[in-house]
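Asker: Predicted model and sequence follow; I will ask about them next.
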Amino acid sequence: MSYEERAKLILQDAIKSAIYIDEKARSFYQVESKTPEIEEVLSENLYNNFKQNGISLDVFKYTKGDENDDDKLKFITENRDFVILDWKLDGKEGEEESLKILSEIVKTNHIHFSTIYTSEDNLDDVLFNILSYFSGKNKEYYVEIKELLELEGFEPELLTLLNQINVNRSNKSVVKEIRKEIYTKHKAVPNKLMEITGTSDMTCAMIKSSIALSNKVTSNADLQCPTYVDSEKKIVVINNTIITILNKADNKADVLLENFKNHIIDDVDSFNQLLGIELYNHLYRASAITNDLAISFPKDALIHHRKKLNAENIGYFFNSFMDEVLMEKISMSLRNRKSLLLDDVLLDEFELGLDDNYSDIPSLHKMNVFYNSYYFDKKDQILNFGDVFLIEYNENHKESPKYLICLTALCDCLRPHDKIKSNFYFAEGSNIKDTDALELGDTAFISFLPNNTTIKWTEITQDPLRNTYGPLYIKPLQYKVFENENVIDENNQIKVHYLDKVGQIKSETLTYIGTIRPNYAQRIANHAFSYPVRVGVDFVKK
């Protein structure tokens, strides 16, 4: 079975509920017009085609203001797998209304697929608007930097080059060539763009300058940037939602679904997304928890267990314990799973096409981030085992960036004031170059986190003899976290306290940046807690 065939089976299993949104669409309860609009006929044809493919399709007739109606947005996004969205939702205008709905689709984690379905011939204009709207900055920012950029009086040729970088941002070779051309013809411009946009990343500064000077739609909020853009195929990936831009004339109702699937399989490296979707499909089909005969005990037995824990003043443990049991059930259900994408025949085929000298450092870093860490929304959540924090720059920490990882046992984190008198254990780390970290791999104590952050929890020297034979220590540090301060605030921050060498109480502000997976964090903790039992010896040296 080819990769394409496997991928189509996964997509077929994944897309079960879809919705079509258009201001001229005909809902099923509406009487057909005497002279129906094209979109009314399209609504019926889409419904029939999707029904033939085993997909439930709702048709939503947009009216002005729906993009601000929470109930309507909930109806659009809840339990949907695929959203088909008209581009101009207000006649010949309405791009911003479409983008507002698209922002809701993108932030809904379970929606992996969406299509901008448009009558526009100029699909580049649609793509530019999406890139402007989802850019990490808001309308106020772009108005401000536009004024400064216009004062520079840049030549039209330069603006064209900036636009090319914007839409080709995911093509490293193209970006490299265009940047080289800009340097050659406009040597002083790159530094000026970084100064005006306030960013130290050259490509990012050029993209933001392109957006500011483009007069395209921008958002009132700082929305997440795309992680992938294909300007030729008109595909954008934002927050793991794959968005395609399809023309209505070229993608009639009877072929839209098939064309969309081909787009996803052939025109974007969607393997990783499909891998996750395949797992989701399995969990849904297998009913890993509810099919287990062992769960047939009555509710009262469960409540009895909780009551016993409460009687021992450890009722706080019950919810975490249940989550852990359910997660283990899911994990065990995967043991005999046969994956279409992790099949050795397919992977061997991929391996034959892999460059023997593959060394894409940014991609390898991202893969290790996926392997060993996760970023949670920690607002109002307690400090927990494996949480990693950046120590804010202050008079006590003037050197560059230092980090703390919480190594306090999970059970103690749940009830710290009674069990450990609010004394939490941490280890301190600092940055390491990605090239060095990838060279060391699992031979060192290293963590990979989002935003290109790589941390070493031990000292690594330039002395090869010491690195080979010398002991590697992780020193556990103890910080006090007071009872009313062990919850991470709305700024993702928490305060910790300690006594300095002269007995003065000092405080640090920590900013949450991610959480290390339990087995990776436990490996660091095991090594750290061996530090107190080390024994000193002495030998004569030459």
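Answerer: Ah, there it is. What you see is a predicted model, and the numbers here were worked out from it, not measured in a lab.
Asker: Share the number of residues neighbouring Thr244, please.
Answerer: Neighbour count for Thr244, taken as other CB atoms under 10 Å: 21. Every residue, glycine included, has its C-beta placed from N, CA and C.
Asker: residues in contact with it?
Answerer: Listed by CB atoms under 8 Å, 6 or more residues apart in numbering, the contact set of Thr244 reads 114-116, 233-235, 260, 263-264.
Asker: distance of it from Arg179?
Answerer: Distance of Thr244 to Arg179, given as CB to CB, to the nearest Å: 28 Å.
Asker: and what of Asn451?
Answerer: Counting by CB to CB, the gap from Asn451 to Arg179 is 22 Å.
Asker: Those two: which has the busier surroundings?
Answerer: Each of Asn451 and Arg179 has its neighbours counted (other CB under 10 Å); Arg179 has more, 16 against 8.
Asker: Now do the helix or strand hosting the more buried one: which elements does it pack against?
Answerer: Element membership for Arg179 (DSSP states H and E) is helix 172-185. If contacts are counted by 3 or more CB pairs under 8 Å, 6 or more residues apart in numbering; DSSP states H and E, helix 172-185 sits against helix 156-167, helix 189-197, helix 202-212.
Asker: Please name the nearest non-neighbouring residue to the spatially most central residue of the chain.
Answerer: With distances taken as CA atoms, centre = their mean, the residue of the chain nearest its centroid is Asn239 (5.4 Å). Residue nearest to Asn239 in three dimensions, not counting chain neighbours: Val106, with 5.1 Å by CB to CB, 6 or more residues apart in numbering.
Asker: thought that neighbour was touching Ile242?
Answerer: No - at 10.5 Å, Val106 does not count as touching Ile242 under the criterion of CB atoms under 8 Å.
Asker: shared neighbours of the two, which are they?
Answerer: Shared contacts of Val106 and Ile242 (CB under 8 Å, 6+ apart): Ser114.
Asker: one step back: surely the residue nearest to the centre of the chain touches Asn109?
Answerer: Yes - the criterion here is CB under 8 Å, and Asn239 meets it with Asn109 at 7.5 Å.
Asker: Closest one of the contacts of Thr244 to Asn122?
Answerer: Lys234 (11.0 Å; CB to CB).
Asker: Run a quick neighbour tally on the closest one.
Answerer: Neighbour tally, Lys234, other CB under 10 Å: 21.
Asker: Mind telling me what element the residue nearest to it when sequence neighbours are not counted is part of?
Answerer: Distances taken as CB to CB, 6+ apart place Ile245 nearest to Lys234, at 3.9 Å, with adjacent residues excluded. According to DSSP H and E, Ile245 maps onto strand 241-247.
Asker: which outside residues touch the following helix or strand past that strand?
Answerer: Going down the chain from strand 241-247, the next helix or strand is helix 256-267, by DSSP H and E. With CB under 8 Å, 6+ apart as the test, helix 256-267 has contacts from 3-4, 7-8, 11, 46, 49-50, 53, 55, 82, 84, 113, 115, 117, 230, 233, 235, 242, 244, 246, 251, 270.
Asker: and with 7 Å instead?
Answerer: The contact list for helix 256-267 (CB atoms under 7 Å, 6 or more residues apart in numbering) reads 4, 7-8, 11, 46, 49-50, 53, 115, 230, 233, 235, 242, 244, 246, 251, 270.
Asker: what's the angle from that helix to strand 241-247?
Answerer: Comparing the axes of helix 256-267 and strand 241-247 via axes from the mean of the first three to the mean of the last three CA atoms, to 10 degrees yields an angle of 120 degrees.
Asker: Regarding Val237, what is its secondary structure?
Answerer: Three-state call for Val237 (DSSP: H, G, I helix; E, B strand; the rest coil): strand.
Asker: From Asp230, how far off is it?
Answerer: With CB to CB as the criterion, Val237 and Asp230 are 9 Å apart.
Asker: again with Thr218
Answerer: For Thr218 relative to Asp230 (CB to CB), the value is 22 Å.
Asker: Please say which of these two ends up with more neighbours.
Answerer: Under the criterion of other CB under 10 Å, the comparison of Thr218 against Asp230 puts Thr218 first, with 25 against 19.
Asker: which SSE is Ile84 in?
Answerer: Applying DSSP H and E, one finds Ile84 within strand 82-86.
Asker: State the paired neighbours of that strand in the sheet, together with their directions.
Answerer: Sheet pairing for strand 82-86, assigned by DSSP bridges, gives strand 17-22 (parallel), strand 113-118 (parallel).
Asker: quick one, what contacts Tyr531?
Answerer: Tyr531 neighbours (CB under 7 Å, 6+ apart): 473-476.
Asker: re earlier: more crowded one of Val106 and Ile242?
Answerer: A direct count of neighbours by other CB under 10 Å for Val106 and Ile242 places Val106 higher, at 25 against 21.
Asker: going on from the helix-or-strand element of the chain with minimal mean pLDDT, what's the next piece of helix or strand?
Answerer: Ranked by mean pLDDT, DSSP states H and E, the weakest helix or strand in the chain is helix 464-469, scoring a mean of 65. Following helix 464-469 in sequence order, the next helix or strand is strand 476-480 (DSSP H and E).
Asker: Enumerate the positions of that next one that are buried.
Answerer: Neighbour-count burial for strand 476-480 flags 476, 479-480 (criterion: 16 or more other CB atoms under 10 Å).
Asker: sorry, back to before: show the contacting residues for the residue nearest to the centre of the chain.
Answerer: Applying CB under 7 Å, 6+ apart to Asn239 gives the contacts 106-107, 224.
Asker: now with 8 Å?
Answerer: Here Asn239 is in contact with 106-107, 109, 224, 227 (CB under 8 Å, 6+ apart).
Asker: again with Ile474
Answerer: 427, 445, 457-458, 524, 527-528, 531.
Asker: Closest one to Val487 out of those, please.
Answerer: For the contacts of Ile474, the minimum distance to Val487 (CB to CB) is 21.9 Å, reached by Ala427.
Asker: my read: that closest one touches Ile405, true?
Answerer: Yes - the criterion here is CB under 8 Å, and Ala427 meets it with Ile405 at 5.3 Å.
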